[in-house]
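>>> Below is the sequence, then the predicted model.
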Amino acid sequence: MLQLPPLSLYIHIPWCVQKCPYCDFNSHGQHGELPQQEYVDALLTDLAADAAYVQERNLHSIFIGGGTPSLFDASQIKRLLEGVAEQIPFAADIEITMEANPGTLEHDDFSAYRAAGVTRLSIGVQSFSSDKLNLLGRIHDKQEAEVAASKAAEAGYQSFNLDLMHGLPNQSFEEAMRDIDTAAALNPPHLSWYQLTIEPNTLFHSKPPQLPDDEDLWQIYEQGQQRLKALGYEQYEISAYAKPGYRCRHNLNYWQFGDYLGIGCGAHGKITTAQDQRIWRTVKIKHPKGYLGASDYLFDKSEVLPEDRALEYLMNRLRLMSPIPKSEFESRTGLSAQVLDEGMTRGAAKGLVIIGEEHWQLTAKGNMFVNELLGLFCE
């Protein structure tokens with residue numbers, strides 16, 4: 001039987017100073033003054049339309065992403081969060097994350113966003129190499145990145161994350177390890193460390209840069225993992241590393257097949273409705289002009305059918321390194337754990353998973369070949 005999972009909220013602010021050549025997110029370059037007040041008004045109206053999905057739950061976490069939310073003034077972020085709190089009660093220990101870029105600190109300093117209600121920052125550093133930052137189209141330099149991390153630490157946030165990429169154009173092993181060491185010296189409680197991938201509909205896709213070869217990428221990944229572990233960071237998700245007690249609750253809710261409302265341009269949501277035992281995915285209008293001019297912000301709503309729930313759950317849950325409780329699978333999908341028996345048995349025979357009485361646990365090999373394991377449930 002489906003049970004209501006924790007509820008999170010994703011808020012999308014789509015504007016950036018400029019579009020990065022690797023980015024396939026729904027982001028738009030800033031042209032002139034941003035419609036901050038109008039957009040916050042629209043976000044709160046959008047949220048009100050989703051009120052029926054709350055189902056008497058408190059908000060477990062909020063993530064304000066983009067785009068570059070730090071282009072918005074702290075006063076508007078404060079008004080936004082206060083408006084959300086008027087509609088949905090906050091859990092006492094709610095985690096409220098906002099993405100920020102080092103090159104946008106001229107709008108408000110980090111302490112102002114902390115006073116506005118943000119409890120956690122995610123800073124898009126990507127690299128500490130000026131050469132690599134230039135190739136990635138970033139508007140900040142190494143010094144600005146270091147200053148941003150220092151300011152986040154000084155501003156009293158409960159936690160902050162640094163985003164780092166590896167496998168960058170012409171990146172050597174030594175450069176990748178230097179980025180890790182530089183980031184760790186700034187003592188962020190959380191690090192996101194992920195490989196650059198070339199996505200369709202990006203400038204890098206039409207004009208591909210020279211990336212490290214597979215052998216070099218594997219050396220960077222393998223040695224980087226060991227280095228992060230030695231520096232006190234535990235890998236708890238494919239690309240997420242945290243000091244003890246500082247895992248990102250919002251992202252964990254995604255990967256554990258929790259519920260989340262999505263408001264703002266192109267925002268996605270996933271909602272369980274307890275009364276009729278159904279799971280829904282929602283998408284909001286994508287383009288800022290269309291969104292701001294809309295009376296109904298919903299672009300698409302589709303049901304996750306019972307026959308698709310097991311695979312959708314696994315596609316999310318297998319990103320995490322922790323064991324998969326069979327009880328969690330049953331409560332989040334409404335299915336019996338037995339529906340996975342055949343696939344898990346095949347996975348165990350290949351050395352990808354260990355089957356326990358109450359859990360399934362990926363092996364070290366399984367963590368490396370998640371797609372192969374997923375394929376066993378499609379046969």
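That came through fine. These numbers come from a predicted model, not from an experiment. Numbering: from 1, shown residues only.

>>> So Leu352 sits against Leu373, correct?
Yes: counting by C-beta atoms under 8 Å, Leu352 touches Leu373, with 4.7 Å between them. C-beta coordinates here come from the backbone N, C-alpha and C atoms, glycine included.

>>> Which neighbours do those two have in common?
The overlap between the contact sets of Leu352 and Leu373 (C-beta atoms under 8 Å, 6 or more residues apart in numbering) consists of Leu362, Gly366.

>>> Spell out the secondary structure type for the residue nearest to Ser302 when sequence neighbours are not counted.
The shortest distance from Ser302 to any residue other than its chain neighbours is 5.4 Å, reached at Arg281 (C-beta to C-beta, 6 or more residues apart in numbering). Put simply, Arg281 is strand when judged by DSSP: H, G, I helix; E, B strand; the rest coil.

>>> ok, Arg281 - contacts?
Residues near Arg281 by C-beta under 8 Å, 6+ apart: His268, Gly269, Lys270, Ile271, Lys301, Ser302, Glu303, Val304.

>>> Buried ones in stretch 120-131, by neighbour count?
Applying a neighbour-count criterion of 16 or more other C-beta atoms under 10 Å, the buried positions in stretch 120-131 are Arg120, Leu121, Ser122, Ile123, Gly124, Val125, Gln126, Ser127, Phe128, Ser129.

>>> Report the beta-bridge partners for the closest residue to the first one other than its chain neighbours.
So that's Arg120. Taking C-beta to C-beta, 6+ apart as the measure, Arg120 lies nearest to Thr97, with 4.3 Å between them; neighbours along the chain are not counted. The bridge-partner assignment for Thr97, based on DSSP bridges, gives Phe63, Arg120.

>>> wait, Thr97 sits on Ser122?
Yes: applying C-beta under 8 Å, one finds Thr97 in contact with Ser122, separated by 5.6 Å.

>>> right, and the pair among the contacts of Arg281 with maximum separation?
Using C-beta to C-beta, those span at most 14.6 Å, a distance reached by His268 and Glu303.

>>> shared neighbours, Thr97 and Ser122?
Between them, Thr97 and Ser122 have Asn161 as joint contacts when contacts are counted by C-beta under 8 Å, 6+ apart.

>>> contacting residues around Phe377?
Neighbour list for Phe377: Ala310, Leu311, Leu314, Leu340, Gly343 [criterion: C-beta under 8 Å, 6+ apart].

>>> Are we agreed that the second one is in a strand?
When you say that, I think you mean Leu311. No: the assignment for Leu311, made by three-state DSSP, is helix rather than a strand.

>>> Could you list every helix and strand that the top helix by length along the chain packs against?
Under DSSP state H, the helix in the chain containing the largest number of residues is helix 214-230. Contact here means 3 or more C-beta pairs under 8 Å, 6 or more residues apart in numbering; DSSP states H and E; on that basis helix 214-230 packs against strand 159-166, helix 173-185, strand 190-195, strand 234-237.

>>> that older thread, ok, what's across the strand from the residue nearest to Ser302?
Beta-bridge partners, per DSSP bridges, of Arg281: Lys270, Ser302.

>>> now the stretch 151-300 of the chain, which segments are flagged as low pLDDT?
Counting by pLDDT under 70, the stretch 151-300 of the chain contains low-confidence residues at 198-199, 201-209.

>>> So which residues of the stretch 201-350 of the chain form strands?
All strands of the stretch 201-350 of the chain, identified by DSSP state E, counting those that start in this stretch, fall at 234-237, 240-242, 259-264, 268-273, 278-284, 298-303, 324-325.

>>> With Pro35 as the reference, name the closest of these.
Ranking the strands of the stretch 201-350 of the chain by their distance to Pro35 (criterion: C-beta to C-beta) puts strand 259-264 first, at 12.8 Å.

>>> Torsion angles phi and psi at the closest residue to Ile88 other than its chain neighbours?
On the basis of C-beta to C-beta, 6+ apart, the spatially nearest residue to Ile88 that is not a chain neighbour turns out to be Leu59, at 5.1 Å. Main-chain dihedrals, Leu59, degrees, to the nearest 10: phi -80, psi 130.

>>> doesn't Glu86 make contact with Leu59?
No: counting by C-beta under 8 Å, Leu59 does not reach Glu86; the two are 11.9 Å apart.

>>> more crowded one of these two?
More crowded of Leu59 and Glu86, by other C-beta atoms under 10 Å: Leu59, with 22 against 11.

>>> so what's the more buried one up against?
Counting by C-beta under 8 Å, 6+ apart, the residues that Leu59 touches are Leu7, Ser8, Leu9, Val84, Ile88, Pro89, Phe90, Ala91, Ile94.

>>> Just the local confidence number for the last one, please.
Read that as Ile94. Confidence per residue is given as pLDDT, and for Ile94 that number is 98.

>>> For it, which residues are in contact?
With contacts defined as C-beta under 8 Å, 6+ apart, the neighbours of Ile94 are Asn58, Leu59, His60, Ser61, Ile62, Thr119.

>>> Kindly recompute the last result at 10 Å.
Taking C-beta atoms under 10 Å, 6 or more residues apart in numbering as the definition of contact, the neighbours of Ile94 are 8-9, 58-62, 81, 85, 117, 119, 249-250.
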